[in-house]
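>>> Sequence plus predicted model, see below.
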Amino acid sequence: MSGQDDCIFCKIIRGEIPAKKVFEDDDVLAFLDIKPIAPVHVLLIPKRHIASLAQVNETDAPLLGKMLTLVPMLAAAQGADDGFRVIVNAGRVGQQEVPHLHIHIIGGPHPLGPMLAR
Ligand code: AMP
Ligand code: ZN
């Protein structure tokens, strides 16, 4: 077994729990968020278990760059071809709930509203 045994996103990668996959290659997996906050809500994760953006280092840079570069294609494929928002929650203050690095890709069709309540 690879990855973290009890990590929910590693379980999705291993096929142990279902997900609506929208993209996959050797390095990354994208699937629909189970509780979407907008009409488009995709999660993009590395297949290698990285706990958080708060814990990345230089060796992760190519993978992180690849992930960000995939975002426009993934957004457009879900219908968000006129803009989107990317959120990465990290750690306690970021209120990250799942401790496997993930990029939220969130889109309309309508404007999403302010980033955070002021
Ligand atoms: P975060 O608060 O940034 O850690 O976000 C975790 C996200 O994972 C939330 O938006 C959840 O709705 C989503 N999520 C949790 N479990 C699953 C699952 N089994 N399949 C799809 N999305 C999930
Ligand atoms: Zn994991």
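Looks like it arrived, so ask away. Ligands and ions are numbered 1, 2, ... in the order given.

>>> Endpoints of stretch 108-118, how far apart?
Counting by CA to CA, to the nearest Å, you get 21 Å between the two ends of stretch 108-118.

>>> burial count for the closest residue to residue 104 other than its chain neighbours?
Residue nearest to residue 104 in three dimensions, not counting chain neighbours: residue 87, with 4.2 Å by CB to CB, 6 or more residues apart in numbering. For every residue, glycine as well, the C-beta is placed using N, CA and C. As a burial measure, residue 87 scores 12 neighbours (other CB atoms under 10 Å).

>>> for the record, mean pLDDT for stretch 40-54?
Per-region confidence: stretch 40-54 scores 98 on mean pLDDT.

>>> That one: which residues count as buried?
Within stretch 40-54, the residues scored as buried using 16 or more other CB atoms under 10 Å are 40-47, 49-53.

>>> Just these: which are in helices?
Nothing among the buried residues of stretch 40-54 maps onto helices, per DSSP state H.

>>> what does the host helix or strand of residue 104 contact?
Here residue 104 sits within strand 103-107, counting by DSSP states H and E. Strand 103-107 is contacted by residues 30, 33, 37-45, 67-68, 71, 74-75, 78-80, 83-89, 112 when judged by CB atoms under 8 Å, 6 or more residues apart in numbering.

>>> Longest helix of this protein, counting residues only.
The chain, longest helix under DSSP H: helix 61-77.

>>> Pull up the pairing partners for the helix or strand just after that helix, direction included.
With elements assigned by DSSP H and E, the helix or strand that comes after helix 61-77 is strand 85-87. If you go by DSSP bridges, strand 85-87 pairs up with strand 103-107 (antiparallel).

>>> if we can go back for a sec, so the strand holding residue 104 versus helix 61-77, what angle?
20 degrees (axes from the mean of the first three to the mean of the last three CA atoms, to 10 degrees).

>>> For the remainder of this discussion, apply numbering that starts at 23.
Yep, numbering from 23; the last one is strand 125-129 now.

>>> how far does strand 125-129 sit from the chain's center?
Mean-position distance between strand 125-129 and its chain equals 7 Å (CA atoms, centre = their mean, to the nearest Å).

>>> I'd like the average pLDDT over that strand.
Averaging pLDDT along strand 125-129 yields 98.
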